[in-house]
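Enquirer: need a 3D model of the sequence below.
(chains A and B)
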2 protein chains.
Amino acid sequence: MKNTFYYDLESAKIGSSVELSHALDNLKYNDDGLIPAIAQQKDTGEVLMMAWMNRASIEETLKTGQVCYWSRSRQTYWRKGESSGHVQKLVEMRIDCDGDTLLCLVNQKGPACHTERSNCFYHSVDGDQVKVIAEPN
Amino acid sequence: MKNTFYYDLESAKIGSSVELSHALDNLKYNDDGLIPAIAQQKDTGEVLMMAWMNRASIEETLKTGQVCYWSRSRQTYWRKGESSGHVQKLVEMRIDCDGDTLLCLVNQKGPACHTERSNCFYHSVDGDQVKVIAEPN
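Expert: Next up, the predicted model:
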(Lines give C-alpha, C1' and ligand atoms only; values in the text may rest on other atoms or scores of the structure.)
Protein backbone atom coordinates (compact mmCIF):
# COMPACT_ATOMS: atom_id res chain seq x y z
CA MET A 1 0.00 0.00 0.00
CA LYS A 2 1.31 3.41 -0.89
CA ASN A 3 2.28 5.53 2.09
CA THR A 4 0.11 8.65 1.94
CA PHE A 5 0.98 10.13 5.35
CA TYR A 6 2.65 13.29 4.04
CA TYR A 7 0.41 13.48 0.98
CA ASP A 8 -2.59 13.60 3.33
CA LEU A 9 -1.04 16.56 5.16
CA GLU A 10 -0.69 18.66 2.01
CA SER A 11 -4.15 20.16 2.45
CA ALA A 12 -3.99 20.48 6.24
CA LYS A 13 -4.67 23.88 7.78
CA ILE A 14 -1.98 25.88 9.56
CA GLY A 15 -1.73 24.67 13.15
CA SER A 16 -2.91 21.15 12.35
CA SER A 17 -0.74 18.59 14.05
CA VAL A 18 0.17 14.94 13.96
CA GLU A 19 2.06 12.84 16.46
CA LEU A 20 5.81 13.12 16.15
CA SER A 21 6.29 9.36 16.39
CA HIS A 22 3.96 8.81 13.44
CA ALA A 23 5.69 11.55 11.46
CA LEU A 24 9.07 9.92 12.09
CA ASP A 25 7.70 6.45 11.28
CA ASN A 26 6.58 7.78 7.91
CA LEU A 27 9.73 9.57 6.82
CA LYS A 28 11.22 8.21 3.61
CA TYR A 29 14.49 6.74 4.80
CA ASN A 30 16.77 5.36 2.10
CA ASP A 31 17.85 1.72 1.91
CA ASP A 32 20.42 2.40 4.61
CA GLY A 33 17.77 3.86 6.90
CA LEU A 34 19.03 7.40 6.37
CA ILE A 35 17.49 10.75 5.46
CA PRO A 36 19.34 13.91 4.43
CA ALA A 37 19.38 16.76 6.95
CA ILE A 38 20.28 20.33 6.01
CA ALA A 39 21.67 22.54 8.78
CA GLN A 40 20.86 26.25 8.48
CA GLN A 41 21.97 28.96 10.89
CA LYS A 42 18.69 30.26 12.28
CA ASP A 43 19.37 34.01 12.45
CA THR A 44 21.46 34.57 9.33
CA GLY A 45 19.96 31.91 7.04
CA GLU A 46 23.43 30.64 6.14
CA VAL A 47 23.26 27.06 4.87
CA LEU A 48 25.99 25.39 6.89
CA MET A 49 26.14 21.78 5.74
CA MET A 50 24.18 18.71 4.73
CA ALA A 51 24.59 15.35 6.41
CA TRP A 52 22.52 12.26 7.16
CA MET A 53 20.41 11.09 10.08
CA ASN A 54 18.73 7.83 10.97
CA ARG A 55 15.65 7.47 13.15
CA ALA A 56 17.69 7.17 16.34
CA SER A 57 19.86 10.20 15.60
CA ILE A 58 16.76 12.27 14.86
CA GLU A 59 15.31 11.27 18.21
CA GLU A 60 18.57 11.99 20.00
CA THR A 61 18.78 15.41 18.33
CA LEU A 62 15.26 16.28 19.45
CA LYS A 63 15.81 14.95 22.96
CA THR A 64 19.16 16.57 23.65
CA GLY A 65 18.80 19.70 21.52
CA GLN A 66 22.27 19.05 20.07
CA VAL A 67 22.42 17.92 16.47
CA CYS A 68 23.47 14.30 16.01
CA TYR A 69 24.03 12.86 12.53
CA TRP A 70 24.88 9.38 11.32
CA SER A 71 28.35 9.19 9.83
CA ARG A 72 28.25 7.09 6.67
CA SER A 73 32.04 6.87 6.49
CA ARG A 74 32.48 5.84 10.12
CA GLN A 75 29.14 4.00 10.40
CA THR A 76 28.40 5.46 13.80
CA TYR A 77 26.67 8.38 15.46
CA TRP A 78 28.26 11.70 14.70
CA ARG A 79 27.54 14.05 17.53
CA LYS A 80 28.48 17.26 15.77
CA GLY A 81 31.18 19.10 17.70
CA GLU A 82 31.89 16.23 20.09
CA SER A 83 35.60 16.44 19.39
CA SER A 84 35.89 19.95 17.90
CA GLY A 85 33.52 21.72 20.26
CA HIS A 86 31.73 23.13 17.22
CA VAL A 87 28.30 21.98 18.31
CA GLN A 88 25.00 22.73 16.64
CA LYS A 89 22.26 23.65 19.05
CA LEU A 90 18.91 22.76 17.55
CA VAL A 91 16.40 25.60 17.40
CA GLU A 92 13.78 23.89 15.26
CA MET A 93 13.49 20.81 13.08
CA ARG A 94 11.36 20.88 9.95
CA ILE A 95 10.25 18.13 7.57
CA ASP A 96 9.60 18.71 3.90
CA CYS A 97 6.43 18.13 1.87
CA ASP A 98 7.06 14.50 1.04
CA GLY A 99 8.94 13.51 4.16
CA ASP A 100 12.27 12.79 2.55
CA THR A 101 14.39 15.71 3.77
CA LEU A 102 14.95 17.44 7.11
CA LEU A 103 15.86 21.07 7.72
CA CYS A 104 17.50 21.79 11.07
CA LEU A 105 17.52 25.42 12.11
CA VAL A 106 20.48 25.70 14.46
CA ASN A 107 22.78 27.91 16.39
CA GLN A 108 26.23 26.89 15.27
CA LYS A 109 29.11 27.32 17.70
CA GLY A 110 32.31 28.08 15.77
CA PRO A 111 32.78 26.97 12.17
CA ALA A 112 30.43 24.27 10.86
CA CYS A 113 32.89 22.80 8.38
CA HIS A 114 35.66 20.39 9.38
CA THR A 115 38.02 22.62 7.37
CA GLU A 116 37.34 25.43 9.89
CA ARG A 117 35.31 27.40 7.38
CA SER A 118 32.00 28.76 8.58
CA ASN A 119 30.10 26.54 6.15
CA CYS A 120 30.90 23.66 3.81
CA PHE A 121 29.89 25.30 0.52
CA TYR A 122 33.08 27.11 -0.40
CA HIS A 123 33.52 25.93 -4.00
CA SER A 124 31.69 28.21 -6.43
CA VAL A 125 31.14 27.46 -10.09
CA ASP A 126 32.38 30.37 -12.21
CA GLY A 127 32.14 29.74 -15.95
CA ASP A 128 34.30 26.75 -16.83
CA GLN A 129 36.11 26.96 -13.50
CA VAL A 130 35.29 26.22 -9.88
CA LYS A 131 36.73 28.74 -7.45
CA VAL A 132 37.53 28.50 -3.77
CA ILE A 133 35.63 31.37 -2.12
CA ALA A 134 36.46 30.97 1.57
CA GLU A 135 39.46 30.20 3.73
CA PRO A 136 39.53 28.72 7.22
CA ASN A 137 38.70 31.25 9.93
CA MET B 1 42.93 4.63 -5.31
CA LYS B 2 41.16 7.01 -3.00
CA ASN B 3 39.77 10.11 -4.70
CA THR B 4 41.48 13.08 -3.06
CA PHE B 5 40.27 15.81 -5.43
CA TYR B 6 38.19 17.74 -2.88
CA TYR B 7 40.50 16.84 -0.01
CA ASP B 8 43.37 18.45 -1.91
CA LEU B 9 41.34 21.66 -2.26
CA GLU B 10 40.78 22.01 1.49
CA SER B 11 43.96 24.01 1.91
CA ALA B 12 43.64 26.02 -1.33
CA LYS B 13 43.76 29.80 -1.11
CA ILE B 14 40.74 31.97 -1.86
CA GLY B 15 40.54 32.52 -5.61
CA SER B 16 42.26 29.26 -6.48
CA SER B 17 40.43 27.46 -9.23
CA VAL B 18 40.08 24.09 -10.86
CA GLU B 19 38.42 23.11 -14.11
CA LEU B 20 34.68 22.67 -13.84
CA SER B 21 34.74 19.41 -15.78
CA HIS B 22 37.24 17.92 -13.33
CA ALA B 23 35.20 19.17 -10.38
CA LEU B 24 32.07 17.53 -11.80
CA ASP B 25 33.95 14.31 -12.61
CA ASN B 26 35.00 14.11 -8.98
CA LEU B 27 31.66 14.72 -7.30
CA LYS B 28 30.50 11.83 -5.12
CA TYR B 29 27.44 10.60 -6.96
CA ASN B 30 25.49 7.83 -5.28
CA ASP B 31 24.95 4.38 -6.81
CA ASP B 32 22.22 5.85 -9.01
CA GLY B 33 24.55 8.58 -10.28
CA LEU B 34 22.80 11.25 -8.24
CA ILE B 35 23.87 13.99 -5.84
CA PRO B 36 21.61 16.03 -3.53
CA ALA B 37 21.06 19.67 -4.48
CA ILE B 38 19.69 22.24 -2.04
CA ALA B 39 17.90 25.25 -3.54
CA GLN B 40 18.16 28.49 -1.56
CA GLN B 41 16.57 31.80 -2.50
CA LYS B 42 19.58 34.06 -3.04
CA ASP B 43 18.35 37.32 -1.49
CA THR B 44 16.31 36.08 1.49
CA GLY B 45 18.27 32.93 2.36
CA GLU B 46 15.05 30.88 2.44
CA VAL B 47 15.78 27.19 1.93
CA LEU B 48 13.26 26.25 -0.72
CA MET B 49 13.69 22.52 -1.34
CA MET B 50 16.10 19.67 -1.78
CA ALA B 51 16.13 17.42 -4.83
CA TRP B 52 18.61 15.36 -6.83
CA MET B 53 20.78 15.98 -9.87
CA ASN B 54 22.86 13.78 -12.10
CA ARG B 55 25.88 14.90 -14.10
CA ALA B 56 23.79 15.80 -17.14
CA SER B 57 21.22 17.80 -15.17
CA ILE B 58 24.02 19.74 -13.46
CA GLU B 59 25.48 20.60 -16.85
CA GLU B 60 22.08 21.59 -18.23
CA THR B 61 21.44 23.77 -15.18
CA LEU B 62 24.75 25.56 -15.66
CA LYS B 63 24.29 25.92 -19.41
CA THR B 64 20.70 27.17 -19.40
CA GLY B 65 20.69 29.01 -16.06
CA GLN B 66 17.42 27.26 -15.19
CA VAL B 67 17.55 24.60 -12.51
CA CYS B 68 17.05 21.05 -13.80
CA TYR B 69 16.83 18.12 -11.39
CA TRP B 70 16.56 14.39 -11.93
CA SER B 71 13.20 13.02 -10.82
CA ARG B 72 13.72 9.76 -8.95
CA SER B 73 10.02 8.93 -9.03
CA ARG B 74 9.59 9.61 -12.74
CA GLN B 75 13.14 8.62 -13.72
CA THR B 76 13.54 11.57 -16.04
CA TYR B 77 14.77 15.14 -16.13
CA TRP B 78 12.74 17.48 -13.97
CA ARG B 79 13.00 20.95 -15.41
CA LYS B 80 11.68 22.81 -12.41
CA GLY B 81 8.69 24.92 -13.36
CA GLU B 82 8.30 23.39 -16.83
CA SER B 83 4.62 22.71 -16.26
CA SER B 84 3.86 25.06 -13.33
CA GLY B 85 5.88 28.04 -14.53
CA HIS B 86 7.54 28.15 -11.12
CA VAL B 87 11.06 28.13 -12.49
CA GLN B 88 14.28 28.51 -10.56
CA LYS B 89 16.78 30.82 -12.18
CA LEU B 90 20.27 29.86 -11.14
CA VAL B 91 22.35 32.65 -9.63
CA GLU B 92 25.27 30.55 -8.40
CA MET B 93 26.07 26.89 -7.86
CA ARG B 94 28.28 25.83 -4.99
CA ILE B 95 29.85 22.49 -4.08
CA ASP B 96 30.55 21.42 -0.51
CA CYS B 97 33.83 20.45 1.14
CA ASP B 98 33.78 16.79 0.20
CA GLY B 99 31.95 17.08 -3.11
CA ASP B 100 28.83 15.21 -2.13
CA THR B 101 26.25 18.03 -1.95
CA LEU B 102 25.34 20.99 -4.16
CA LEU B 103 23.89 24.32 -3.07
CA CYS B 104 22.03 26.24 -5.78
CA LEU B 105 21.46 29.91 -5.05
CA VAL B 106 18.41 30.79 -7.10
CA ASN B 107 15.73 33.28 -7.89
CA GLN B 108 12.49 31.36 -7.47
CA LYS B 109 9.51 32.43 -9.53
CA GLY B 110 6.32 31.75 -7.59
CA PRO B 111 6.13 29.06 -4.92
CA ALA B 112 8.89 26.44 -4.90
CA CYS B 113 6.76 23.66 -3.45
CA HIS B 114 4.36 21.59 -5.55
CA THR B 115 1.75 22.29 -2.83
CA GLU B 116 1.93 25.99 -3.77
CA ARG B 117 3.73 26.88 -0.57
CA SER B 118 6.77 29.12 -0.88
CA ASN B 119 9.05 26.32 0.32
CA CYS B 120 8.77 22.61 1.06
CA PHE B 121 9.64 22.70 4.76
CA TYR B 122 6.25 23.39 6.30
CA HIS B 123 6.11 20.63 8.95
CA SER B 124 7.68 21.80 12.20
CA VAL B 125 8.48 19.56 15.15
CA ASP B 126 6.89 20.96 18.32
CA GLY B 127 7.35 18.75 21.36
CA ASP B 128 5.70 15.40 20.70
CA GLN B 129 3.76 16.84 17.75
CA VAL B 130 4.54 17.96 14.23
CA LYS B 131 2.66 21.06 13.18
CA VAL B 132 1.79 22.42 9.76
CA ILE B 133 3.18 25.96 9.67
CA ALA B 134 2.28 27.18 6.18
CA GLU B 135 -0.65 27.04 3.82
CA PRO B 136 -0.61 27.35 0.05
CA ASN B 137 -0.25 30.93 -1.15
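Enquirer: got a list of what the closest residue to residue A:52 other than its chain neighbours touches?
Expert: Spatial nearest neighbour of residue A:52, chain neighbours left out: residue A:34 (4.3 Å); criterion: CB to CB, 6 or more residues apart in numbering or on different chains. Just so you know, the C-beta spots here come from the backbone N, C-alpha and C atoms, and that holds for glycine as well. Residue A:34 sits next to A:52-54, A:70, A:72 when contact means CB atoms under 8 Å, 6 or more residues apart in numbering or on different chains.
Enquirer: redo that, cut-off 6 Å
Expert: A:52, A:54, A:70 (CB atoms under 6 Å, 6 or more residues apart in numbering or on different chains).
Enquirer: near chain B, which residues of chain A are found?
Expert: Contact residues, chain A versus chain B (CB under 6 Å from any CB of the partner chain): A:10, A:12, A:14, A:16-18, A:20, A:23, A:36, A:38, A:40, A:45, A:47, A:50, A:93-97, A:101, A:103, A:113, A:115, A:120-121, A:123-125, A:128-132, A:135.
Enquirer: the residue nearest the centre of chain A: what secondary structure?
Expert: For chain A, residue A:37 is the residue whose C-alpha lies nearest the centre (CA atoms, centre = their mean; 2.4 Å). At residue A:37 the chain is in strand, as set by DSSP: H, G, I helix; E, B strand; the rest coil.
Enquirer: restricted to strands, list the residues of chain A next to chain B.
Expert: Of the positions in these, A:17-18, A:36, A:38, A:40, A:47, A:50, A:93-95, A:103, A:123-125, A:129-132 sit in strands, assigned by DSSP state E.
Enquirer: which of those are buried? Put it as a ChimeraX command.
Expert: To isolate the buried members of those in ChimeraX, using 16 or more other CB atoms under 10 Å in any protein chain shown:
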select /A:17,18,36,38,40,47,50,93,94,95,103,123,124,125,130,131,132
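Enquirer: on that earlier part again, among the contacts of residue A:34, which are in strands?
Expert: A:52, A:70.
Enquirer: hmm, back to that, what's the closest non-adjacent residue to the residue nearest to the centre of chain A?
Expert: residue A:102 (4.1 Å).
Enquirer: beta partners for the one you found?
Expert: When bridges are called by DSSP bridges, residue A:102 pairs up with residue A:37, residue A:95.
Enquirer: on that earlier part again, quick one: which of the contacts of residue A:34 is most hemmed in?
Expert: Highest neighbour count within the contacts of residue A:34, by other CB atoms under 10 Å in any protein chain shown: residue A:70, with 22 neighbours.
Enquirer: contacts only, for it.
Expert: Counting by CB under 6 Å, 6+ apart, residue A:70 touches A:34, A:52-54, A:57.
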